[in-house]
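Visitor: Any chance you could fold what I've pasted below:
(chains A, B and C, ligands or ions: 2)
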Amino acid sequence: MINDWEIVMGLEVHAQLKTESKLFSSSPNQFGSDPNNNVNYIDAGMPGMLPVMNSGCIDKAIKTGFALNFKINPYSVFERKNYFYADLPQGYQISQFEYPILTEGFVEIESENSLKKIRLERAHLEQDAGKSIHDIDPKYSFIDLNRVGTPLLEIVSYPDFSSADEVINYLTNLRQILMYIDVCDGNMQEGSLRADINLSVKKPNSKLGTRCEIKNMNSFKFIRQAIEYESKRQIEVLESGNKIEQNTLLFDTSTGETRPMRSKEFAHDYRYFPDPDLLPINISQDQIEKAKMKIGELPNQKLTKFIDDLGLEKDIAKIIISEKQYAEFFEGLISTKLIKAKTAASWLVGDIFSFIKDKNIQINEILNKSQKIIELLQLVEKGTISSKVGKDILIEVLEKNKDPGLLVKELGLEQVSDNEELEKIVDESLSGEEENIQKFQSGSDRVLGYFVGKCLKATKGKGNPKIISDLLIKKIKK
Amino acid sequence: MLSIRELKKKLSEKKISVSELFDEFYKKAKDSQLNSFNYLIDPEKNKHLINESQLRYNNKKEELLDGIPLGIKDLFCTKGIPTTASSKILENFIPQYESFVTASLLNDGAIFLGKNNCDEFAMGSSNETSFFGPVINPWKDSNKTNENLVPGGSSGGSASAVAEGICVASIGTDTGGSIRQPASLCGVVGLKPTFGSCSRWGVVAFASSLDQAGPITNSVEDAAFILNSISGYDKNDSTSSDHKRDNYLENIDKKFDNKITVGIPSDYLKDVNSDIAEQIDLAKKHLAKLNINVIDVEFTTTEYALSTYYILAPAEASSNLARYDGIRYGYRAQGETLDDIYINTRTEGFGEEVTRRILIGTYVLSAGYYDAYYRKAQKVRRLIKEDFQRIYRDVDFILTPTAPNEAFKVGEKLDPITMYMNDIFTVPTSLAGLPAISIPSGLSKNNLPLGIQLIGNYFQEQSLIQLASLLEKELKFND
Amino acid sequence: MTDINIKKVSYLAKLKLNDEKATKYEKSLSEIINWVDNLKKLDTEGTKPLHNITEKNTNLREDTVKKNNSTEEILSNAPEKAQNFFRVPKVVE
Ligand SMILES: [Mg+2]
Ligand SMILES: [Zn+2]
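Guide: Ligands and ions are numbered 1, 2, ... in the order given. Next up, the predicted model:
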């Protein structure tokens, strides 16, 4: 809120569906191919070509329906949205208008430490457009139709957002959910998830102001910048006594400003009408039930389970559920029941995460090392090795796929828990330390740490710190 | 004119070779002065098909249409062969794919002579909107023999070519009467199957919810031959019907076992001229001879059919023709910006009637008019369908004139609405999606052919063909 | 008479009409729209629009990939192409 202004936002999120083929053609739905390689005659809008609906997209829409608390409509209709654009070969986009596949859902997000319900108006299936490339040649644009026909689910919210934080929390949750149910790969850089932000400002208790739509945002950083810039712009316009013009805006990432897309002589008039090449989609109860079975656990359900059943701390559990692949990796580690959930969790968010971050790899790339990680953590839990040694061995396991058990034996890294041996070392550490012993006896705890460290050093880190500390206390107190 | 059955007999008895038959037609087509072909396929290109066909005859393994030279309306995409929809905007377009219908014909051994002229994007009833110029009807008014007459449209090139005898048969498309009306004006047979019978895959779209392929032939039996080839379920056309197809030749020479009833809508005959009324009386007489029951029926929606059609068809067309933008194929006009290219390409590429229909369609779909026109027309379309269903509770077939007039002079009808009235008897059937056939019934006072239309119930092509064949034999038009 | 804004209609359809043509088409469209206006006489209250004669479900395709054509075939009719792209004058966004 700036000078008593409120920001009101609604979101239209385009999620690319993770399917093998396109919405209405059998071309591969694949990112990053050579230009016009994933294009067939239907995608190119050749004369006489006809669309045939991909059944996989219906399943994905139903799953999304469940996950986002939508009503799944047994009857929905594809319509044509007519407009001309270089990326749009048919001269229309096949979308849903009057009868969308999903209506009236909601998502809960965190806002200022409480839960807020974001109401969703609808979600509909539609085709993506192609891409124009403008930076190859100063005089020409180049058109690549690979993306044409990629299935999209457009999820439209009510104007329930009042801050950039809420928008980002929502997108984070939404992305998480869609990835959990295997509907979308969530790759925002590749444009798998893109948001249009409808933004207006108003004074408290007054009616909604005129809105502008900021198109095609796919980075949290830029979303925050765009919301800040645009809300400020609108407030300034209104405070100087002018009116907001309803407009479609682009966010210029180089200047951090929004600007209107080329102004049009006449307003858009999309002339929606039911696509005569397609018949309505009818979804049976049976189909709904089947799709429901395939949903699996949602992020929130996992979070509750990790905290309540496995006793993880909330912060750690949240990190683990933040990506489906993390949660699955974690569940893989503990599924053997050979190690404690807490141990697995703290090693995962600690050393394992730092490793993948350092190496800039995905967690799935170390999936094949799960068994060895479990062995290693068992050695730590049993006290065979210290956690310090464990950390070093972990790197060996992850980098060189070494066997932890063998490594420990080869290098003689077993933790020394033998009392006699440790007693000798403790005694040695105390000799000539009269002053420090006295300090300890007069109540300074810090000195204990000093002695433990000294002993560990003497064992080259292999001494069991618990036993060392117990021995020290016993000896000094005597 | 020999029928497909007779030609096949001659070929199998080696009275003529496939190559000789083809050359005979190719020569006639090349020499024709009626402009009924936009494009003739170089015979060299057909050589291997001709040889393969001959081989099948030699081995007595001939297919349904083996070696039969056909014309194809220039609306069907044919692989490697120019496909223009008789429009400047597709003047140089060569598809890399074969339409379902033409692929079926090739599969059954047919050999294509070339692509038949038609109205631009099948929009017209006289074949005068073609970018390649009007087609001439081989028939002449007995009083004005030096006047060129139109063949009807939009499948005017197909009808003219079959009537002239330069191809054995041709495949047309019918959206509001585009097979039946030209068949009537050229004195040949034209069959529009039930919507969903023949796949629209690879047919340049005009109005998707109405377009349907069908044969234009010399006889009802030839139409049955062709329909056997082109009717079939296609999983690539979402509106294709998966019902089991009959053998349309099966009952062609049989009388009906049970008593059947033909309804004649009195409201269709209210304002027809005496030539047309005479055709219906004639048909009635022959039906009686065939011991077929004839009753009067009356529709309540006929006067709304053309209005409904001229909202829905242009609406769909305005969207179907949006893909012609000069970017990926076809004609491209010069322009400095992308928008200029779009506008110049479309402005220069589309002819007058196509432009008019795009404008009508755009208007009726635009904000503020959608409910009053487009949605209203879709509702009336349901009433028209229900009107037919009501009539079909009492009758097995409906008999009407095919067109309200005989062939008219090239350049005569300039006013669009007058032209649209040509389809007054064919459009209701199209809106209802029913199968209908036009057969020649007699001659007008000016000695020009006239046709009658028989309409069947959904997917009843077999019995429709049976009735048409019985009536054809009675009427003896070709004798 | 009707209230056809022929300039707007032709703009939406990406067609350019000079003044003479605009007048001609406006008149023609008005006549046709007046002609089809007889539908207003018909009571359609409670009648459902008929999108398609075949009032069935749309048929569905398995989610599998089929590639039946090359990039060259897709580009074979292109008025202008370069490096496997379709080429057009620079698009300003
Ligand atoms: Mg949107
Ligand atoms: Zn969208």
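Visitor: who touches residue 412 in this structure?
Guide: Picked chain A for this. Contacts for A:Gly412 (CB atoms under 8 Å, 6 or more residues apart in numbering or on different chains) come out as A:Lys462. The C-beta positions use only the backbone N, C-alpha and C, and glycine is treated the same way.
Visitor: try again with chain B
Guide: Per CB under 8 Å, 6+ apart, neighbours of B:Glu412: B:Val150.
Visitor: Check B:Ser229 too.
Guide: Contacts for B:Ser229 (CB under 8 Å, 6+ apart) come out as B:64-65, B:104-105, B:107-108, B:110.
Visitor: Now do the residue nearest the centre of chain B, the pLDDT please.
Guide: For chain B, B:Ile179 is the residue whose C-alpha lies nearest the centre (CA atoms, centre = their mean; 2.1 Å). B:Ile179 is assigned 98 on the pLDDT scale.
Visitor: Wait, it touches B:Gly214, no?
Guide: Yes. Look at B:Ile179 against B:Gly214 with CB atoms under 8 Å: they come within range, at 4.9 Å.
Visitor: Could you list the low-confidence segments of chain C?
Guide: C:1-2, C:93 (pLDDT under 70).
Visitor: And the strands in chain B?
Guide: Ranges of strands in chain B, per DSSP state E, are B:37-40, B:69-73, B:111-116, B:169-174, B:189-192, B:212-217, B:261-265, B:293-297, B:397-401, B:436-443, B:449-455.
Visitor: Please put the alpha-carbon coordinates of stretch B:412-419 into CSV.
Guide: Output in CSV follows, covering the C-alpha atoms of stretch B:412-419 (Å, rounded to 0.1, in the frame of the first residue of the first chain):
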residue,chain,number,x,y,z
GLU,B,412,-26.2,-13.0,-66.2
LYS,B,413,-26.8,-13.0,-62.4
LEU,B,414,-24.7,-10.3,-60.8
ASP,B,415,-26.7,-9.8,-57.6
PRO,B,416,-25.4,-12.0,-54.8
ILE,B,417,-28.8,-12.7,-53.2
THR,B,418,-30.3,-13.7,-56.6
MET,B,419,-27.4,-16.0,-56.9
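Visitor: could you list every residue that touches the residue of the stretch 351-479 of chain B found nearest chain A?
Guide: Closest contact between the stretch 351-479 of chain B and chain A, by CB to the nearest CB, is at B:Leu365 (3.8 Å). B:Leu365 makes contact with A:82, A:271-273, B:315, B:318-319, B:374, according to CB under 8 Å, 6+ apart.
Visitor: and A:Arg242, how many neighbours?
Guide: Not quite, residue A:242 is Asn, not Arg. By the measure other CB atoms under 10 Å in any protein chain shown, the count of residues near A:Asn242 is 9.
Visitor: per-residue confidence for it?
Guide: 94.
Visitor: As a markdown table, the strands of chain B with mean neighbour count, mean pLDDT and distance to chain A would be great.
Guide: Formatted as a markdown table, the strands of chain B follow (neighbours: other CB atoms under 10 Å in any protein chain shown; pLDDT from 0 to 100; distance: least, CB to the nearest CB, whole Å):
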| stretch | mean neighbour count | mean pLDDT | distance to chain A |
| --- | --- | --- | --- |
| strand B:37-40 | 21 | 98 | 15 |
| strand B:69-73 | 30 | 98 | 12 |
| strand B:111-116 | 27 | 98 | 13 |
| strand B:169-174 | 30 | 98 | 11 |
| strand B:189-192 | 34 | 98 | 17 |
| strand B:212-217 | 30 | 98 | 11 |
| strand B:261-265 | 20 | 98 | 27 |
| strand B:293-297 | 14 | 98 | 29 |
| strand B:397-401 | 25 | 98 | 25 |
| strand B:436-443 | 26 | 98 | 20 |
| strand B:449-455 | 26 | 98 | 22 |
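Visitor: So which of those strands is nearest chain C?
Guide: Across the strands of chain B, closest to chain C is strand B:212-217 (CB to the nearest CB), at 10.2 Å.
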